[in-house]
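Visitor: Build me a structure from this.
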Amino acid sequence: MANLIQDIEVTGSAVAQVDMTGLNIVAGELYEVVITYKNAGVAEYIKMGVNNDITVTDYYHQELRVYGTTVAGGRGNNTYLTYTPANTTAKVQLYLKLTEDGHMVFVSKAIRDMVGSGIFMYDGVATSTFTMASITSLNFFTPGGNRLGVGTRIQLYKVAEKVDEVIVAGSAVTQVDFTGLDIGKDNEYLLVSDWYNPTGSTANCTLYINDDTTLTNYWQQQLLANGTSVASGRANASYYSFVGAGTRTLTISKIKLANSGYFNAQSTSAFKYGGSSIYIDKNYHSKTATVTSITKLNITSTVASQIGINSQFELYKLI
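Guide: Got it, this is the predicted structure:
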């Protein structure tokens with residue numbers, strides 16, 4: 001479930017910036033931003049800052065673009081949501097989070113040129129390089145001037161129905177469980193993982209259900225963009241993310257029990273957020289056998305004690 005917080009539409013004439021003010025977004029909450037961006041006549045990026053900081057070099061982003069038969073990646077000392085040619089429209093949807101260590105991180109997807117033959121897929125992740133106690137404003141802007149055209153609309157929702165939350169305290173652990181669930185074919189859930197790895201080796205993060213922690217009872221497909229490099233792979237496994245040594249990764253996972261009874265999860269990660277090495281890791285995976293319901297989620301690291309103190313896991317019910 002989501003509650004509408006603000007809804008702003010550009011009317012009258014094009015503008016260079018739209019601000020959502022009076023916010024109080026803190027750690028432990030999840031927000032969704034939905035944008036219809038109508039370009040006002042000149043090819044342009046739409047970008048986003050927080051807390052009135054629109055200095056683009058205070059942020060980093062990583063993108064993954066698909067157009068025609070081309071798949072490409074790119075990283076920049078910048079924050080942008082998408083780009084549109086003149087007089088076109090894009091749709092952007094993103095999940096926004098203030099992480100446990102105080103960084104703004106978002107995971108986004110966009111359809112560009114969505115009404116013509118030049119339709120374009122765009123996935124992105126972005127991070128602030130600075131930390132904050134709360135997000136008090138969101139600032140959407142086009143750096144070249146009044147390019148947010150009439151009909152541009154920006155909506156902010158709070159994802160409200162949090163089912164459960166785990167924050168690791170005391171000492172690092174190897175496994176986190178969500179129990180007492182009843183995820184059936186009519187439900188959809190969102191798992192938000194803000195994972196800190198305190199060890200000296202990369203943590204491979206697995207997502208199992210119902211205590212079936214046999215790796216080969218699952219299949220996964222991975223796609224990642226690291227700078228301009230794009231890679232993919234398939235494995236008989238259930239990895240939904242990974243976390244570099246001494247770093248943090250934010251992962252947004254949509255969890256669903258299909259009508260056929262197969263568990264599946266679609267995960268997108270902002271790997272190494274907080275600095276210049278951020279990149280996108282996408283993992284879609286499913287179980288090889290059917291179940292009647294998902295009663296438990298098992299989140300594990302493949303090496304002991306790689307889920308560090310202040311790692312935060314939240315489970316939201318969407319439907």
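Visitor: Now the most centrally placed residue in the chain: which helix or strand?
Guide: For the chain, the residue nearest the mean C-alpha position is residue 107 (2.7 Å; CA atoms, centre = their mean). In the assignment (DSSP states H and E), residue 107 maps to strand 104-112.
Visitor: I would like the residues contacting that strand, please.
Guide: 33, 48, 50, 81-84, 88, 90-99, 118-128, 132, 135, 250, 252, 268-270, 273 (CB atoms under 8 Å, 6 or more residues apart in numbering). C-beta coordinates here come from the backbone N, C-alpha and C atoms, glycine included.
Visitor: Check the gap between the residue nearest to the centre of the chain and residue 97 for me.
Guide: Separation of residue 107 from residue 97 (CB to CB, to the nearest Å): 8 Å.
Visitor: What of residue 28?
Guide: Taking CB to CB, one finds residue 28 at 9 Å from residue 97.
Visitor: of those two, who's got more company?
Guide: Neighbours were tallied for residue 28 and for residue 97 using other CB atoms under 10 Å; the higher tally belongs to residue 97 (27 against 15).
Visitor: Name the nearest residue to the more buried one, ignoring sequence neighbours.
Guide: Nearest residue to residue 97, sequence neighbours excluded (CB to CB, 6 or more residues apart in numbering): residue 105, at 5.3 Å.
Visitor: That neighbour pairs with what?
Guide: Residue 105 has these beta-bridge partners by DSSP bridges: residue 97, residue 127.
Visitor: Can you tell me what sits against stretch 9-26?
Guide: Contacts of stretch 9-26 (CB under 8 Å, 6+ apart): 5-6, 8, 31, 38, 40-41, 52, 54, 96, 98, 133-142, 145-154, 156.
Visitor: Of those residues, grab the buried ones for ChimeraX.
Guide: A single ChimeraX command selects the buried members of these (16 or more other CB atoms under 10 Å):
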select :5,31,38,40,54,96,98,135,138,139,140,141,142,146,147,148,149,152,154,156
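Visitor: Restricted to strands, list the contacts of stretch 9-26.
Guide: Of the contacts of stretch 9-26, the ones assigned to strands by DSSP state E are 5-6, 8, 31, 38, 96, 98, 138-141, 153-154, 156.
Visitor: among these, which two are most distant?
Guide: Farthest pair in those (CB to CB) is 38 and 98. Separation: 29.0 Å.
Visitor: before we move on, back to that, quick one: buried ones out of the contacts of strand 104-112?
Guide: If we count by 16+ other CB under 10 Å, those have these buried: 33, 48, 50, 81-84, 88, 90, 92, 94-99, 120, 122-128, 132, 135, 250, 252, 268-270, 273.
Visitor: Please export the C-alpha coordinates of the helix or strand bottoming out on mean pLDDT in the chain as CSV.
Guide: The helix or strand of the chain with the poorest confidence is strand 80-84; it has a mean of 90 (mean pLDDT, DSSP states H and E). Taking C-alpha atoms only, strand 80-84 is exported to CSV below (Å, rounded to 0.1, in the frame of the first residue of the first chain):
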residue,chain,number,x,y,z
TYR,A,80,19.8,12.2,-13.4
LEU,A,81,16.7,10.3,-13.9
THR,A,82,16.5,10.2,-17.7
TYR,A,83,17.1,12.1,-20.9
THR,A,84,14.6,13.0,-23.6
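Visitor: elements contacting that strand?
Guide: With contacts taken as 3 or more CB pairs under 8 Å, 6 or more residues apart in numbering; DSSP states H and E, strand 80-84 sits against strand 31-38, strand 44-50, strand 89-98, strand 104-112, strand 120-128.
Visitor: Go through those strands and name the closest to residue 72.
Guide: Across the helices and strands packed on strand 80-84, residue 72 has its closest neighbour in strand 120-128 (10.4 Å, CB to CB).
Visitor: Quick one: residues in contact with the closest one.
Guide: 48, 50, 53, 58-67, 79-82, 94, 103-113, 225, 268-270, 273-275, 278-280, 282.
Visitor: Quick check: the gap between residue 39 and residue 31.
Guide: In terms of CB to CB, residue 39 sits 25 Å off from residue 31.
Visitor: Which pLDDT value belongs to residue 70?
Guide: Residue 70 is assigned a predicted lDDT (pLDDT) of 95.
Visitor: partner residues bridging it?
Guide: Going by DSSP bridges, residue 70 is paired in beta bridges with residue 67.
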